[in-house]
Structures are given as C-alpha cells and as structure tokens.
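> Got a predicted structure plus its sequence, pasted below:
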Amino acid sequence: MIPEKKLIFELSKPGRVAYSLPESDVPEVDLKDVIPESMMRSKPAELPEVYEVDVIRHYTELSRRNFGIDNGFYPLGSCTMKYNPKINEDTARFPGFAKIHPHQPEESIQGALELLYTLQNDLAALTGMDQVTLQPAAGAHGEWTGLMMIRAYHESRGEKRSKVIVPDSSHGTNPASATTAGYETITIKSDERGLVDLDGLREAVGDDTAALMLTNPNTLGLFEQEIEEIAAIVHEAGGLLYYDGANSNAIMGITRPGDMGFDVVHLNLHKTMSTPHGGGGPGAGPVGVKSKLIPFLPKPIVSKYEDGTYYWDYDRPQSIGRVKAYYGNFGILVRAYTYMRTYGPDGLRRVSEVAVINANYMMHRLAPYFEVAYPGVCKHEFVLSGRKLKQYGVRTLDVAKRLLDFGYHPPTIYFPLNVEECIMIEPTETESKETLDDFIDTMIQIAKEAEENPELVINAPYDTVVKRLDETTAARKPVLNCTCG
Amino acid sequence: MKKHRYIPMTEQDQSDMLATIGAESVKDLFSDIPESIQYKGTLPMSEALSEAELLKHMSELAERNANFEQYPSFLGAGIYDHHIPVVINHMISRSEFYTAYTPYQPEISQGELQAIFEFQSYICELTDMKVANASMYDGATALAEAAALASGATRRKRIVVSKTVHPEAREILHTTAHGLNLEVVEVGISNGVTNLDELQTAINDETAAVLIQSPNFFGCIEDVRSIEPLVHEKKALLTLSVNPLSLGLLESPGKLGADIVVGDAQPLGIPAALGGPTCGFFAVTEKLMRRIPGRIVGQTTDTDGKRGFVLTLQAREQHIRREKATSNICSNQALLALCASIYMSTMGKSGIQEVAQLNLNKSHYAAQQFSKDSKLAFDAPFFNEFVVKLPEGSNVEEVNSKLIEKGYIGGFNLGKSYPELEGHMLLAVTERRTKDEIDGFIRELEDCI
C-alpha cells in the first residue's frame, strides 16, 4: 500500500530554515517604538520550520500525486483540456512582463499596453464583436460582467427587465451569475433534439426579458441551428443575447457569435486559448460587446493615441465600473496572445476543424457500446449515456473511476443535467488518432467488464494513491485545515 | 494542409477518420451551421509567427517595459516588489500542477487537493480564523464577495466601507453592490485612518458589514480594537482586509474580532505581472462556514481508512445550486495559492517575522530621509508603506515620469483617487530595496520637485 503523504506542517522541526534574507543595511527599528503594543502580534503564526530540500521533496511528491495534461489524455468535456504550450510559460515569465507594476507611468509599459490593445482587437475579430474588455479573471466573472453591462444598457433606456433565460443544459455559472447581477433566472427545457425549444423560448420571453444566455455549440456539443431565429425572438422582445464562450474551440474562424446575433460574448482563455488551468485557476474571461454596449464596458480599457502610443482609457462615464483590481490576469493574457500568434487566423480555424473531427470520430466509434444521447453530427464534444450499464449495477461514476486504472483522466460526468448517467467527452485537437483509439478501446473494454465482471468496475480504482474517498463524512464533519498551530 | 507542431492529425489520419465517421469532407461536419452565418475568408487578426520569430517579438514587447530588475520600485498600492524565493518557480513549473484542471477526480488529484488543504491551513494560521477557502480572483474581488456574504448572513442590505480601503476594491464593491441591490456607505478619513466618529454614525441596525483595510491603502495601521465594538454592537459583521506579510508582526485579524478576513496573497511569492494573476484569500468564523464562496477542500479517509482530501461543502456552489449558489465563482487562482503556500513553507515561522521586520526597517528608514519640503502626511503607525506630501504645486505624475528617466519607479499618485490628496505620493519600501537605492531614490525625487 502506498503510504500516506505527510502534511508540510508534519515535517516541521524547530530551528530549520528554508529562506535567505539579507542583513538589514539600515538601522533596526524597535517595533515598540513605532507600533502600539495592542497592534502587535501576540502569538507568532505557527508556520512549519523546514529546510529547502524538504520544500522541494514535499511539493515534488505532491506533484507526483497529481494528473495534468502532460501526464496523459484528459477528455474532460466543456473544459477544453488541450496541450498547454511551453513557449507560453516562457514568454509570461519575461521580466518585462512578470516584473512590472500596474501603476507605473504609461510610457514605461508601452510594450504591455500594445500587447493588450492587440489582444483586444484580435479577440474582437475572432468573435465578431466591436470592442473587448480583458478585465474579467475567469468565465463566470466574464458572465457577471456581461450581465452587468446588459443591465446598464436596459437601465440607460429606462427599462426595468428582471429575468434572464437559460436552457436546462447550461453551465451552473450562468444562473449563478444572473443572480449576482440581480436577475431572476428562467430555465427552459431543451427539445428532443437537445436544442433550444423555440416554442418554449417564445413562451418564456416578454417585456421583462433582460437576456438569453446560450452556449453555442451547447453543452451537448450540438450547434443551435436555429440561432438566427432564437436571436430574432429574443431581440423582438427587447432582450439581448449573451454568448457563453466555453465551447468556442469548435467554431474559431468557422462562425462568429457576433454574426449569429449575440450582443455580448465571453471567452475562456484557459480553455480555447490553451492557457493552463493551474489546478483550478487562474483563468481569464475577456468579454466582447456589440457597439451599443461599448459605453458600459468596465474601465479602463486600453486605447491608442493618434501618435501611436497606448494609454489606459478611463474616460467612460457610462461604464459599469471596475470588475477586477488592476487590468485582469495579465500573465494569462500574455500566454493567450502568445498562443494566438502561434497559430494566426488560419491556424485557429484548423484547430477547430481538428477538434470537431476528433469528437465525431470518437462518437462514431463509441456509439455501438454507449448510447449517444443525441445522434447526428457533433461539434467539439459529445455526450454519451451510461444507462445501459445500470442493469449490471454499474454507474457512470464507476466507469470514470475504472478509467483511472488505465492512466486516463475521465470525461466530465453527470453534466449536463438533462442526460441520464451522462458522460461528456471533449478530445480537443492536440490528441492523435492513436491516443483516441487507445482510449476508445479502453472504454469498450470497461463496457465489457461491466457486463461480465461488474465488481471489477464498481470497486475501481486500484492503482491510485488513495481509493474512493468518503465524501459524505467530509461534508458532514468538515475538517478544513490541520489546526497545526 | 499546413502542418502544426501542436496538431498531430496527418492527411491520412483525416481521411481515415472521416471515412469512419461517414463524412466526405470536413465541411460535412459543419453542415449544421447555417450558410448565412458561416465565416468566409480569413479573420483580420495578427498573423502567425514561427517559434523563433514569436520569441523575438515577445522579447521586443517585454523590453519596452521598465521592469523591477532594472528600475528599483517604490510603488506599492496593493502590488509589491518582494523577493520571490527561487524554489517557487521550480515547483509551480511542475506540469502535473499547472496543467491540471480543478481536482474533480480526487484519486488522481491528491497532490493539488493536499496543496489546497495546506493553503487553507496556512491562511487560518496566519489570520487566526477557523475556515479558509481555496482562493478568490484577488483581494479586491474577495472584499466584494465578503459584502455579499455578510448581506446574506445578516439579511441586511447596508455595507459600510472606509475610504481608506483600496480605491479599486471600493470600485468593485460599488459594481457588485449595484448587481445585488446593496447600499454602500463610505466613511471618511482622519489623519490617514478611518474617522471613528463618522464610522459610528454610519453603522446602524441595517448594516450587514463594515469593511476595513489594515494596513490601509495609505499604509497606516487602523485601530481595529476601537472599531470592533462599534461593529458588533449593531450585530454587523466585521470584515478586515489585510496584507498577509504584515501578519508576521501585526496582530492577527482573528484576535481582533474579525468575522470575515480577506486579502491578496501577492506579497507571498507572487510576481507583480501588471497586477495579475494574484490570489485572493477568504477566511471566516466557524459560524459562517457554510456561506463561504468558492472551492473548499476537506480531509477524509478512503475505503482503506487512509487519509485523503476531497472538494467539500459543494452544496454551496454554482454547479450544484445554480441560481441559489452563494457565489458564481468557479475557476479560482489555485496555482497562485500554490505560490503562496510554497512561500510560507519556505519562510516558515521565523522567516515571515524577519521579512516583515525588514520591511518595517526599510520603510521607516526611508520615511526619515526626506529633508527639504517633503514631509510625511500622516503620523499614524505604518508597516511598509507611507504617504509623503510633496511641496506645494508638485505634480506627482510629472515627478514619476522624471523618476523613470532617472531609473526609478516612483510612488502611487494619490491625487488620482483622492482629489484632496493632490500632490501626495504613496511609497512602498520592501525588503528588496537597499539603503543605496533608498538614498538614491530620495535624492532624485527631491531633485525633480
């Protein structure tokens, strides 16, 4: 059995250090002389006392207990786990990008401002929008920013609109963002094709509709073919269309949200533009808008003087205000810009084509073994149902856990919510046919195991550092820190 | 077909795969997209560059920025030039960490989950709070989330915030409050700290939260011991925004009676990077545990009884609760939380105190060097930042431009955010600044005013 990994706190031994600080070259200040005793720390923080080798071995061992894209195939649907190019990591670490301050004089950060300005324009071109803000730190943050702009737009016209419509297949962040923007959420059901039900939409819209939030292709990997009619229904009711860009990897250079009729778009640069997820973040969620919403963009944006120099443009009286300190996750924006310049417009189109070919190929090969929730042509991802295996007592969760023994990160499971025993697979463009075939063969093998030896699947995984964990007790009797101090 | 180094699909692969699919061409796979909205032609975007060309282009852009290595920085205002131990970059460059998604599959994510659990432990230890989450976007958005939490917990709508709180954090608070229909009341300043009389008047029975930053935006340490009873008397929640590095010397927010503690972990080993990505932290009392936004990791056991870690208390979160979630946050700043954890592991119990002491030494030395007509604006105690009032008629913006020419990054122009403080400069002096740099900087500063 693989032994438990100690906490860093459990490695502590008084007297050890892992830091190197300079001797003070200015006079030592006696704390008591400058700060009242009531403001001084009464008991030191009990941080661990370790030496540098402990730090290195500890975090190296933790990394060995983690699975990233560099470890293997990661077909996590709706998360676009594509290869994270190494050049992006190098450029973001250039001192001229990593060691600069947001409040330096503008003339001392012209390179950074030019990069941001170009990225704003390139993203606007890619999405078919008129202007872009780079401030939001993540997709959900972008959603909220976009909805706040939609709210400001309606308010500027003297209209009180209280409702945001989302399909039942939407990401959980959509309704949650609607709430934080002060909106009530109306959820509409998908039709038998897995698409927006036009009659349901017609019934839902009204003079209280602020916006419809839509992912296209949607979370089932299906393109909303009637998008122009959807846009017309919402626009005729006086509402706006919000594009959740989580699935943009399917459409780059092929079709643009702006041309579909969307008014506001966010992109997840940590999905489509290959910036690493970092084990949960950071991301970046730039938001693009059509011209009528430009006055409401968060301030500042980056603009350019006629003489070619760049500046922070704060002169935006109708702006919704600020959504993030400073100017967004700049380090992520540098990576995304590097990535986009790696491909250029034709390359990005090829990215989407290959992502879609890969997904359709997998779907066709898996169809005889797992029910395809919505047969037909898919975009960059597709959804299977594992319900056929239920007769053997095997659930989708078990299939996911069994995949771990074969060295794969499992697909997204139990999302979207409108498919029973859901398995959502997104291969991305950076995987080879051989990788896809190996994964498919493994899925087929697991389906057979489920039929012939279900216990084998139900008790998986076997080869991981821990087995299945007791999540119920974790939530009922929470232990959320080691209280080592 | 143009080949690309990240795309393995060959022409043969493509035709084999299309045959399996039963499609004649790639175009068939996009037949569900109406012709009318298909994009024709090439997007008007920046062109592709080869690896070598791209490196050169990026170097050229980077070199047009004055960086801290070449320009000693005296600029803080929330983002600081601290020493970053070299081990941090080595460890966060382990791609098992940085190329992983949120740890949804705990059996193969124990490394990240344990790292987050340790981060939560570090934040609790530093702040003396009971519960901390896995991170927020930054300190400023964390403060706005604290207001939202307080409003939900108290069922009140009024948020009282001191004007000594970071101006950008207050701007985000106003945006957020508009969304949630909260009322925000700002309290004035007296000698660099919150005006306590005004504060007392502002807090009423409708007040959900009182938001205080200490050390505040001017670097001054707030008298939280006097503020705390004013807040709790009205059953409002005391929210403190703190600089985590200052907690090596200053009393912990938990001991001062805070209900919610937020801040930005940037001083803990995170590069400035034009202000992001950094890492917000968020800690609460046990009572508020189930209202905290964002991811939380908990300890549990596996089927063999072995210790392990999982994402927990997920019934608060958007993917389960949708419109009823406590927050819409999904992606956070996990990799920067890892930076902060490695920093705290490296500094340890004595290092965090020593580095805080060095900051205190340097900033107090610098504050004493001003001769001529510049003087300290406030006499409240401070940590590593302080405000200097430049001689009458000084234009801070112009001074800073001249300082750049002399090779220094000057302080924050307070007039930009506080019209009444026109001609005032906020200076940060960290452990990275040497006596020579401080002396040289002040000489140049006084020369150009």
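Happy to help now that I have it. Here the structure is a predicted model, which is why all the values come from computation and not from measurement.

> can you pull the contacts of the closest residue to B:Ile203 other than its chain neighbours?
In this structure, B:Ile203 finds its nearest non-sequential neighbour in B:Lys234, 5.0 Å apart by C-beta to C-beta, 6 or more residues apart in numbering or on different chains. Bear in mind the C-beta positions are built from the backbone N, C-alpha and C, glycine included. With contact set as C-beta atoms under 8 Å, 6 or more residues apart in numbering or on different chains, B:Lys234 has these partners: B:Ile203, B:Asn204, B:Asp205, B:Thr207.

> Between the two ends of stretch A:289-305, how far is it?
With C-alpha to C-alpha, to the nearest Å as the measure, stretch A:289-305 spans 22 Å from end to end.

> Check which residues of it are buried.
Within stretch A:289-305, the residues that count as buried by 16 or more other C-beta atoms under 10 Å in any protein chain shown are A:Val289, A:Lys290, A:Leu293, A:Ile294, A:Pro295, A:Phe296, A:Leu297, A:Pro298, A:Lys299, A:Pro300, A:Ile301, A:Val302.

> just stretch A:33-43 next, same as before
For stretch A:33-43, by 16+ other C-beta under 10 Å, it's A:Val34, A:Ile35, A:Met39, A:Arg41.

> Adding secondary structure, distance to chain B and pLDDT as columns, could you present these in TSV?
Output for those, formatted as TSV (DSSP: H, G, I helix; E, B strand; the rest coil; distance: C-beta to the nearest C-beta, whole Å; pLDDT from 0 to 100):
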residue	secondary structure	distance to chain B	pLDDT
A:Val34	helix	6	96
A:Ile35	coil	5	96
A:Met39	helix	5	97
A:Arg41	coil	5	97
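
> and which of those residues is nearest to A:Gln391?
A:Arg41 (62.3 Å; C-beta to C-beta).

> Can you pull the phi/psi pair for the closest one?
Main-chain dihedrals, A:Arg41, degrees, to the nearest 10: phi -60, psi 130.

> and the gap between it and B:Ser363?
To B:Ser363, A:Arg41 is 17 Å away according to C-beta to C-beta, to the nearest Å.

> and the residue in the stretch 151-300 of chain B that chain A sits nearest to, what does it touch?
With C-beta to the nearest C-beta, the shortest gap between the stretch 151-300 of chain B and chain A falls at B:Gly275, namely 2.6 Å. Neighbouring residues of B:Gly275 by C-beta under 8 Å, 6+ apart: A:His101, A:Pro102, A:Ala325, A:Tyr326, A:Tyr327, A:Phe330, B:Gly78, B:Ile79.

> would you say the last one is within a strand?
No. Assessed by DSSP: H, G, I helix; E, B strand; the rest coil, B:Ile79 does not belong to a strand; its assignment is coil.

> shouldn't it be in contact with B:Pro271?
No. Assessed by C-beta atoms under 8 Å, B:Ile79 is found out of contact with B:Pro271, at 9.6 Å.

> What ranges in the stretch 1-150 of chain A fall below the confidence cut-off?
Scanning the stretch 1-150 of chain A for pLDDT under 70 picks out nothing.

> now the strands for the stretch 101-250 of chain A?
Along the stretch 101-250 of chain A, the stretches classed as strands by DSSP state E, counting those that start in this stretch are A:131-133, A:163-167, A:184-188, A:209-214, A:240-245.

> show me what contacts the nearest residue to B:Ile221 once chain neighbours are set aside?
Leaving aside its chain neighbours, B:Ile221 sits nearest to B:Pro381 (4.8 Å; criterion: C-beta to C-beta, 6+ apart). Applying C-beta under 8 Å, 6+ apart, we find B:Pro381 in contact with A:Val34, A:Ile35, A:Pro36, A:Met39, B:Cys220, B:Ile221.

> Which positions in the stretch 151-300 of chain B make contact with chain A?
Contact residues, the stretch 151-300 of chain B versus chain A (C-beta under 8 Å from any C-beta of the partner chain): B:166, B:168-169, B:171-172, B:174-176, B:178-181, B:221, B:223-225, B:247-252, B:255, B:264, B:271-278, B:289, B:295-300.

> how about a cut-off of 6 Å?
B:168, B:171-172, B:174-175, B:179, B:181, B:221, B:225, B:249-251, B:271-277, B:298-300 (C-beta under 6 Å from any C-beta of the partner chain).
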